[in-house]
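>>> predicted model and sequence below, questions to follow.
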Amino acid sequence: MKIKVALAQFNVQFADPAANRHRIAELTAQAAMVGADVVVFPEMWNTGYALDQLDQLADEDGKATTELFYRLARENQVGIVGGSVAVKENGHFYNRTLVVDPLGQVVGQYDKVHLFRLMNEHRYLAAGDQENYFRLAGASSASFICYDLRFPEWVRTVARHGAAVLYFPAEWPDVRIPQWEMLLKARAIENQAFVVAVNRVGDDPDNHFNGHSLAIDPLGRVIADAGEEDGITYAELDLDQLATVRGPIPVFADRRPELYK
Ligand SMILES: O=C(O)CCC(=O)C(=O)O
């Protein structure tokens, strides 16, 4: 079975949720027109890292994002791994992913578990503590957010349920893009899974972002690299490849969790 994934890398407009929602709608329609099964967006696409303005800008209870994705998924008959958005809930702010199926139903939700101090997330956001494991386009899948990529123990904890596809929405600055690529390849190889990682392009007041959204196969080979432009790059994930990779080297069956402290 093959699934076609749209890596929707774009220039998130700082502190401008309305403009970003408009762009999300355009990109979703564009991806569906060429037959994508799933469209994936970057991290914090509603506000960017306007963390000190979240009180005015964050999506109250995720309502606006849920409604937008419900409409876009149904109109375009496509699954959405919704990057992440700043959400305000019960007096806290979260960096939250919503995943919807083509019927617009929320099939996954994730609050970023590892907050990134270098970009002050720990000062403004509350951390999540739940896995996001879901089925989308017929594939068992899991999602993480950006800095979570540096925590192989967390990715493994979730991936060991058998995920075929690991999604990583991000806002990963250009200065550390060489690490991004290596870490994504490592997560794909060690978990014998496809990795789909979507970064943004453009600038915010503190960082430059140069994209390089990537789709990587379970052997760590890059299937698609979005380069540095704003726009969609497509990748076809051949899920049948998983059996040929996992069969001869059964790393999940060979784990010795009793030794891992
Ligand atoms: O780990 C990194 O180098 C980047 C992480 C990051 O930018 C984030 O989590 O928002």
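Thanks, I have it. Numbers count the residues shown, from 1 in each chain.

>>> now do the contacts for the residue nearest to D61 when sequence neighbours are not counted.
Leaving aside its chain neighbours, D61 sits nearest to E89 (5.4 Å; criterion: C-beta to C-beta, 6 or more residues apart in numbering). C-beta: built from backbone N, CA, C; applies to glycine. E89 sits next to 60-62 when contact means C-beta atoms under 8 Å, 6 or more residues apart in numbering.

>>> so what sits opposite V5 in the bridge?
V38, A235 (DSSP bridges).

>>> T233 is in contact with that one, correct?
No. V5 is beyond contact range of T233, at 9.3 Å (criterion: C-beta atoms under 8 Å).

>>> between those two, who's got more neighbours?
V5 (29 against 20; other C-beta atoms under 10 Å).

>>> ok, so what distance separates the more buried one from E181?
Distance of V5 to E181, computed by C-beta to C-beta, to the nearest Å: 18 Å.

>>> and what of E60?
E60 is 36 Å from E181, by C-beta to C-beta.

>>> neighbours of W180, just the number please.
Neighbour tally, W180, other C-beta under 10 Å: 22.

>>> correction: the previous question concerned I216.
26.

>>> phi, psi of L7?
phi -90, psi 100 (degrees, to the nearest 10).

>>> quick check: neighbours shared by V5 and T233?
Shared contacts of V5 and T233, counting by C-beta under 8 Å, 6+ apart, come down to A215.

>>> those strands in the stretch 1-150 of the chain, which residues are they?
Ranges of strands within the stretch 1-150 of the chain are 2-9, 38-40, 59-60, 79-81, 85-89, 92-100, 106-111, 133-136, 139-143, based on DSSP state E, counting those that start in this stretch.

>>> those into TSV, with extra columns for mean pLDDT and distance to K185?
Formatted as TSV, the strands of the stretch 1-150 of the chain follow (pLDDT from 0 to 100; distance: least, C-beta to C-beta, whole Å):
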stretch	mean pLDDT	distance to K185
strand 2-9	98	16
strand 38-40	98	18
strand 59-60	98	33
strand 79-81	98	20
strand 85-89	98	27
strand 92-100	98	22
strand 106-111	98	22
strand 133-136	98	22
strand 139-143	98	17
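
>>> how about a markdown table for these, with distance to the ligand added?
Formatted as a markdown table, the strands of the stretch 1-150 of the chain follow (distance: least, C-beta to the nearest ligand atom, whole Å):
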| stretch | distance to the ligand |
| --- | --- |
| strand 2-9 | 15 |
| strand 38-40 | 16 |
| strand 59-60 | 18 |
| strand 79-81 | 17 |
| strand 85-89 | 12 |
| strand 92-100 | 8 |
| strand 106-111 | 13 |
| strand 133-136 | 21 |
| strand 139-143 | 14 |
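
>>> spatially nearest residue to L68 (excluding sequence neighbours)?
R21 (5.9 Å).
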